[in-house]
Each structure stands twice: as C-alpha cells, then as structure tokens.
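S.K.: Give me a 3D structure for the following:
(one chain, ligands or ions: 1)
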Amino acid sequence: MSMTATRWWTTVLGVGMAMAMGAVAAAHGQDEAADDEYAPAEPAPTEPAPMARVWQIPSPPPPPMAWVPAGHFRKAQRTPATVDSIVIHTTEGGWRQGMSHEDNQFRAFLGNINYFKRNDRSVSAHYVMGPSGEICVMVNETDIAHTQTYYNARAFGIECVGWGRRPETWTPEMLESLVQLCAYLCVKWEIPAYQPEGTAYVGPWSTPFGESDYRFNGPGLLGHYQMQPWNKSDPGPHFPWDEFTERVRARIREFGHEPIPLPEARPALAVGSAIKAGIKEDTVRAGEAFTYQVIVEGAGLVGLLEDSHVRFPDFARVNYVSATGRPWRAVESTNRIVYEVPLMATEARAFTILPAMVRVGEHWYDSGEVMRVNVAGASAADSQAP
Ligand SMILES: [Zn+2]
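M.R.: Alright, predicted model coming up:
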C-alpha cells in the first residue's frame, strides 16, 4: 500500500463518524436496493433505464450518522410513491435544574436514544438529532417509525433533542445537520422541499375527517404541530422555518438537483365517488382463478385509511364462487390504494356481488351498484337471470 493510500485510509477510518457511517451502510445494506447509489457509477447503457438518471446526478450525501436500532417500528417496503413528507419534532421531556442548557441537551440526547431502544409506549423515530449535530438512525428508511400518529406511513420522523420554548435548542451544528439530512432525503425520496401552510384545522391542507375531526394532508417539510394541533406544538416558535427550508433547497441545488415544489392542495377527500370495485381480469372462466379489486382514491389516503376500514363482500355467501385467499393491500401510493381478493369461479354460471364498503371518519361509503359478473360458458339465459 502506498504512503498516500495509507494516509487516506487512516484519515477516513480515524474519524469516528466515518466508522459510524460504515455501520449505517452495513445495517441498511441488505434491505435497501436504493443504497446502491453509493457504489461507483457504471458506464451509461445505450438505452438508459429510469434509474440511470440517479447515477448521473448523485443526491446530496447524508451527514454522518450512527446506527442504534429502535425497539418499535413497522417493517415495510416503502418507496418514493408512498412517502411524501418529513416531520420535525423536539423531544421536550425532563429538564434538570442547576445544569446548563448544553449539559441538559446532551443528557437528553443519550436519554432519548435509550428511550427509543426500549419503551412501553411503542414510540420511535427514524432519526434523533443531538446538539452538536450528531445523528442517530434508529429506523430504516424503508420502514415505518412510530413518531406522529396518522402520519407515520407517509413520513420520516426526526426528533431534535431539545425544548421548543428554548431558542438555544437550535444550535448552528444541529441546524446544519438537519439541513443536510433533509436535503438528502428530499432528493432520494422525491419529497417537496417546502413547508405546506396551515394545520389540520386551517389552511388548504386541512381535511375533514368524520363529523367533528380533522386531519392534515400536506406533503413536504412539516412540523408535528401541523398534523396534531390539538395536542402538539413542536418544534415550537423558535424553529427558523424560512431559513431552514431555504437552506435545504440551496443544498439540493448545490448538488445539481431542482427542489420539488409543493403540489396544488387537493380538495378534501371525496371518497363517496372514489371507491371502485371490479374484476381485474377481462374474462372470468369456470374452474379458473380470478381477482376482485377494490380501488380507493383520495388525497393522502395512505395516512387516512386503515385496512380495518375496508369491508369486502362476503364471498362465502356468493353462489358459484369461492374465495381462495384473504383480501390484501396489493398496491398503494399516497393517493391510491388497491385491495385484491383472490377468487375462483366454481361453475359456468353468472353471479352477483354486493358493494364493498369503506369507512372514512365516522361514515361508511360503498362502491356503488350490485355487480353482476358473467362467467364464460354460461348460457345467455342464465347470464340475465336476476
Ligand atoms: Zn413531536
């Protein structure tokens, strides 16, 4: 090994944070194909695949991070289609009198990491930020952390250690790390690098939910107070939103990307007209498998609709059909969820299926009319039977 190479390795490996980054890459490695973007670029193919774009302009690199796994999270295979926001928090929590702000903040940093490793409230976050810009990764990017109730599936949760009411929480080092982390996530996960206005109660992203409830429904860089104005105020009045979002966009541009703007705010979920049910295949044949689909469309559905809110027809009671498996969530994006039920036509006879039902807030909506399904080979007379 030459002198130069030795010195380079010594420099890289001598820095604790660089070691920590290696640990993060190793921990993520098997789960995330997207992490391949740190490998050396391949020569461009003649017919560039969509991913080739990523190779030509790398994302801004993430800041150094250490990996400590959280005790609570939901395993998932999230993609940019299902993630559209980053939620910023302050941890709040205990304050020790007679101890400096710095000491309190550092103590809280270690305390929060330990808390997310194991706690009896099933909470966690993707990232915990320390006062000197330290970052601890606790949940994989593709998995869902338990940080902000109904926004977990669509968001990254970042816990900044500190207190919203204390301006000294926002150290320059923590802000700089936060900017770097968010610029990296915004590019890699195609998240708008702007803060949408308002809260669950007011503004263009406020969405009625049931009779007397509201949900926030905007993508981008968010504060916890926006989705839970009823019980949360973090990251608090001293967080420099304008400076922060401007710096995230500047860093994204520095690496040759254009920040993604906020989309037009969509009208409130119009689920009544956005539930469709049908047969996936063109033709249903006796003795063959086919698929019943329920498609639900609406802004930000991934955060609003739980699987238990979908009621499928009772196929055990449909003549000439048998269910060969359970309903499952086949495809989802932030605005569209498709459920599928695998079925089998037992005879060459037409059958009828009652509408699917979907609950949003306190209301049940249905997929429309009773559906009549013809089976290939069934006689015309039978097909028209009531
Ligand atoms: Zn919070």
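S.K.: use CA for all of it now, contacts and neighbours both
M.R.: Fine.
S.K.: Closest residue of the chain to the ion?
M.R.: Closest residue of the chain to the ion, Cα to the ion: residue 89 (4.2 Å).
S.K.: tell me the phi and psi of that residue?
M.R.: As for residue 89, its main-chain torsions (degrees, to the nearest 10) stand at phi -130, psi 160.
S.K.: ok, now residue 307?
M.R.: Recorded main-chain torsions at residue 307 are phi -60, psi -30, according to degrees, to the nearest 10.
S.K.: For burial, what's the neighbour tally of it?
M.R.: When neighbours are defined as other Cα atoms under 10 Å, residue 307 has 12 of them.
S.K.: Now for it: which residues touch it?
M.R.: With contact taken as Cα atoms under 8 Å, 6 or more residues apart in numbering, residue 307 is in contact with residue 329.
S.K.: do residue 198 as well
M.R.: Neighbouring residues of residue 198 by Cα under 8 Å, 6+ apart: 204-206, 226.
S.K.: about what we covered before: show me the beta-bridge partners of the residue of the chain closest to the ion.
M.R.: Counting by DSSP bridges, residue 89 is bridged to residue 159.
S.K.: where in the stretch 101-250 of the chain is pLDDT low?
M.R.: Where the stretch 101-250 of the chain drops to pLDDT under 70, the residues are 209-212.
S.K.: how about the residues of it near the ion?
M.R.: By Cα under 5 Å from the ion, the part of the stretch 101-250 of the chain that sits against the ion consists of residue 224.
S.K.: those helices in the protein, which residues are they?
M.R.: Ranges of helices within the chain are 3-14, 16-29, 52-56, 101-117, 172-188, 224-227, 241-254, 301-304, 380-383, based on DSSP state H.
S.K.: Okay, angle between the fifth one and helix 241-254 too, please.
M.R.: Which is helix 172-188. With axes from the mean of the first three to the mean of the last three Cα atoms, to 10 degrees applied, the angle from helix 172-188 to helix 241-254 works out at 50 degrees.
S.K.: buried sites along helix 172-188?
M.R.: Judged by neighbour count (16 or more other Cα atoms under 10 Å), helix 172-188 contains these buried residues: 174-188.
S.K.: before we move on, back to that, quick check: the residue of the chain closest to the ion vs residue 290, distance?
M.R.: Applying Cα to Cα, to the nearest Å, the value for residue 89 to residue 290 is 46 Å.
S.K.: Please identify which of those two sits among more neighbours.
M.R.: Comparing residue 89 with residue 290 by neighbour count (other Cα under 10 Å), the higher total belongs to residue 89, at 28 against 23.
S.K.: Can you check the pLDDT for that one?
M.R.: Residue 89 is assigned 97 on the pLDDT scale.
S.K.: surely it meets residue 224?
M.R.: Yes - the pair residue 89 and residue 224 passes the contact test of Cα atoms under 8 Å, sitting 5.8 Å apart.
S.K.: The residue most central in space within the chain - nearest residue in space that isn't next to it in sequence?
M.R.: Centrality entry for the chain: nearest residue to the mean C-alpha point is residue 154, 2.5 Å, by Cα atoms, centre = their mean. Here the nearest residue to residue 154 in space, its sequence neighbours aside, is residue 83; by Cα to Cα, 6 or more residues apart in numbering that works out to 4.2 Å.
S.K.: shared neighbours, residue 89 and residue 224?
M.R.: With Cα under 8 Å, 6+ apart applied, the overlap between the contact sets of residue 89 and residue 224 consists of 234-235.
S.K.: Count the residues that sit near the closest residue in space to residue 108 that isn't next to it in sequence.
M.R.: Using Cα to Cα, 6+ apart and skipping the chain neighbours, the partner closest in space to residue 108 is residue 161 (6.5 Å). Counted with other Cα under 10 Å, the burial measure for residue 161 works out to 28 neighbours.
S.K.: how much space between residue 161 and residue 326?
M.R.: For residue 161, the distance to residue 326 (Cα to Cα) stands at 43 Å.
S.K.: got it, and residue 354?
M.R.: Taking Cα to Cα as the measure, residue 354 falls 17 Å from residue 326.
S.K.: Tell me which of these two has more neighbours.
M.R.: Set side by side, residue 354 and residue 326 show unequal neighbour counts under other Cα under 10 Å, the larger going to residue 354 at 18 against 9.
S.K.: Surely that one touches residue 372?
M.R.: No - under the contact definition of Cα under 8 Å, residue 354 does not touch residue 372, with a separation of 9.0 Å.
S.K.: Okay, and which of the contacts of residue 198 map to strands?
M.R.: residue 206 (DSSP state E).
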